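[1] how would this look folded up:
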Amino acid sequence: VTRDSVIKLAQSTNIDVIESELSIDEVLSAISDGSCTEAFACGTAAIVSPISCLHDKGTDYIPKHPEGKIANQMRDKLLGLQEGRIDDEFGWIKPVR
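    Numbering: from 1, shown residues only. The predicted model follows:
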């Protein structure tokens, strides 16, 4: 649910979303050549968390934006919806009585 929500939030913010399988070698190569500028994980407990470094075979791979510019934008928007601080344009929030 969190992953699907983040995808919809990204698309609503005009962020291109491409879903495909990637090997770890492809990810590390993309970080190295700068085509992957940010990485994050998402889930129910973590919500959206930037990944500041991936470590493989003695080498650290650090994205250009390890602080997670987009990840934090998605996290803030998702929490804003959940906490009622921003309008729910998706119709996701249902009152519980």
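
[2] what's the longest helix in the chain?
    What stands out as the longest helix in the chain, according to DSSP state H, is helix 69-82.

[3] which parts of the protein are helices?
    Secondary structure of the chain (DSSP H): helices located at 2-12, 24-33, 69-82.

[4] what does the longest one contact?
    Residues external to helix 69-82 that are found in contact with it (Cβ atoms under 8 Å, 6 or more residues apart in numbering): 2, 5-6, 9-10, 13, 15, 38, 40, 42, 47-50, 85-86, 88, 90, 92-93. Placement of C-beta: from N, CA and C, glycine included.

[5] in the longest helix of the chain, what's buried?
    By 16 or more other Cβ atoms under 10 Å, the buried positions in helix 69-82 come out as 70, 71, 72, 74, 75, 77, 78, 81.

[6] out of the residues you listed, who's nearest residue 60?
    Residue 60 lies nearest to residue 71 out of the buried residues of helix 69-82, by Cβ to Cβ, at 18.7 Å.

[7] tell me how many other residues crowd the residue lying closest to that closest one once chain neighbours are set aside.
    Distances taken as Cβ to Cβ, 6 or more residues apart in numbering place residue 40 nearest to residue 71, at 3.6 Å, with adjacent residues excluded. The local packing of residue 40 (other Cβ atoms under 10 Å) involves 18 other residues.

[8] just residue 20 next, same as before
    Other residues near residue 20 number 5, with proximity taken as other Cβ under 10 Å.

[9] quick one, phi psi at it?
    The phi/psi pair for residue 20 (degrees, to the nearest 10) reads phi -160, psi 160.

[10] going forward, begin numbering at 49 instead of 1
    In the new count, where the first residue is 49, that last one comes out as residue 68.

[11] show me what contacts it?
    By Cβ under 8 Å, 6+ apart, residue 68 has no neighbours at all.

[12] give the closest residue to residue 100 in space, chain neighbours not counted.
    residue 114 (3.8 Å).

[13] would you agree the one you found is in contact with residue 101?
    Yes. Under the criterion of Cβ atoms under 8 Å, residue 114 makes contact with residue 101 at 6.6 Å.

[14] who's in contact with residue 103?
    By Cβ under 8 Å, 6+ apart, the contact list for residue 103 reads residue 109.
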